[in-house]
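J.: how would this look folded up:
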Amino acid sequence: MPVELKILAWGTVLLLVHIFAAAHLKTRQYGAGWNMGARDETLPPLRPMAGRLVRAQANFQETFPIAIVALIGVVLAGRTSEWTALGGWIWLGARLIYLPLYGLGVPVVRTLAFAVSLAGLVMVLMPLIRG
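T.: Numbers count the residues shown, from 1 in each chain. Predicted coordinates for the structure are as follows:
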């Protein structure tokens with residue numbers, strides 16, 4: 001199995017971590033009834049860490065489709081290499097670091113982690129763009 005698919009599988013696990021981390025803090029704040037209910041009621045703003053984890057989840061969900069296209073694309077096109085594998089691992093590692101940095105409210109370094117993750121995706125995308 002190409003390593004790019006393994007990276008994608010771990011990226012999917014990371015998406016689940018994002019979802020459950022944000023949901024856990026939201027449930028702690030709003031209660032189990034809210035979690036199991038229709039969630040139609042107006043609620044107070046989230047506490048800072050919960051809000052940051054929700055935003056981190058949204059950010060991951062915005063960029064994960066790019067990773068999916070890139071990682072599956074190089075596999076389908078037969079363009080995998082050490083370069084695409086390295087780019088995938090860089091993307092995944094930076095995204096793994098990004099979540100706690102965002103959750104803890106660490107500025108600048110969080111943005112650097114995001115930029116590194118994008119650089120990793122560019123490394124994966126280049127063989128597809130070059131054709």
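J.: how about A38, phi and psi?
T.: Taking degrees, to the nearest 10, you get phi -80, psi -20 for the backbone angles of A38.
J.: burial of it, as a residue count?
T.: 6 (other Cβ atoms under 10 Å). Where you see a C-beta, it was placed from the backbone N, CA and C, and this is true even at glycine.
J.: Look up the pLDDT of it for me, please.
T.: A38 is assigned 95 on the pLDDT scale.
J.: show me the contacts for it.
T.: Residues in contact with A38 (Cβ atoms under 8 Å, 6 or more residues apart in numbering): none are found.
J.: measure it to R55 for me?
T.: 24 Å (Cβ to Cβ, to the nearest Å).
J.: Run through the chain and note the low-pLDDT ranges.
T.: Scanning the chain for pLDDT under 70 picks out nothing.
J.: Relative to its centre, which residue of it is most distant?
T.: The centre of the chain is farthest from one residue, E41, which by Cα atoms, centre = their mean lies 28.6 Å away.
J.: does that one count as helix, strand or coil?
T.: Using DSSP: H, G, I helix; E, B strand; the rest coil, the structure places E41 in coil.
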